[in-house]
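**Q** below are the sequence and a predicted model for it; my questions follow.
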Amino acid sequence: MDARGAVRFLVHRETTVRGMDGRPFDAMVENFSRTGFLFVADVALPVGTLIWIGLSGAGAREARVVWREQDRHGCEFLMPLGRRDLQRAFRGQDAVLAELEARLRGESIPDESSL
C-alpha cells in the first residue's frame, strides 16, 4: 500500500517510455499501482515532464513525473487505471490472449503461473 492508499505491485519489467517529443527509451518498471509507477532508466526527466509508458497487456498510458532521484522516476497516471487494465498491465500479450480465448470458449480463466 502506498502513501495514497493504492496497492503497489512489484513487477521489475522492461518497457518503453516516450517523452512528449516522441523519442522512445528503455526503462525498468519496478512497481506500479492504479495511480502511478516507479521506473528506472538512464535519463534525467525533470519533475512535471509528461510521458507515455507501455503497459504490456494494457496498452500505453500518459503520466507525469512527480519526483526523481538520480535514475529513479516516480510518476502518476493522468487517469488512474481501471480494474481491467490494472489486471492486465505487465502480464504481456500471451497472458491476455489466453484469458480472452478461455472466456470465448466459456472455460475458467488460466492462472498466470500456468502460462
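**A** Done, it's in. Residues are numbered from 1 along each chain as shown.
**Q** how about residue 11, what does it touch?
**A** Residues counted as contacts of residue 11 (C-beta atoms under 8 Å, 6 or more residues apart in numbering) are 29, 30, 31, 32, 90. (C-beta placed from N, C-alpha, C; glycine too.)
**Q** ok, which pair from these is furthest apart?
**A** Farthest pair in the contacts of residue 11 (C-beta to C-beta) is 30 and 90. Separation: 11.2 Å.
**Q** restricted to strands, list the contacts of residue 11.
**A** Those of the contacts of residue 11 mapping onto strands are 29, 30, 31, 32, per DSSP state E.
**Q** the third one reaches residue 13, doesn't it?
**A** No: between residue 31 and residue 13 there is no contact, the gap being 10.0 Å when judged by C-beta atoms under 8 Å.
**Q** who's more crowded, these two?
**A** Shown here are residue 31 and residue 13; by other C-beta atoms under 10 Å, residue 13 has more neighbours (19 against 16).
**Q** the helix or strand encompassing that one - what's its average pLDDT?
**A** Using DSSP states H and E, residue 13 sits within strand 9-19. Strand 9-19 carries an average pLDDT of 90.
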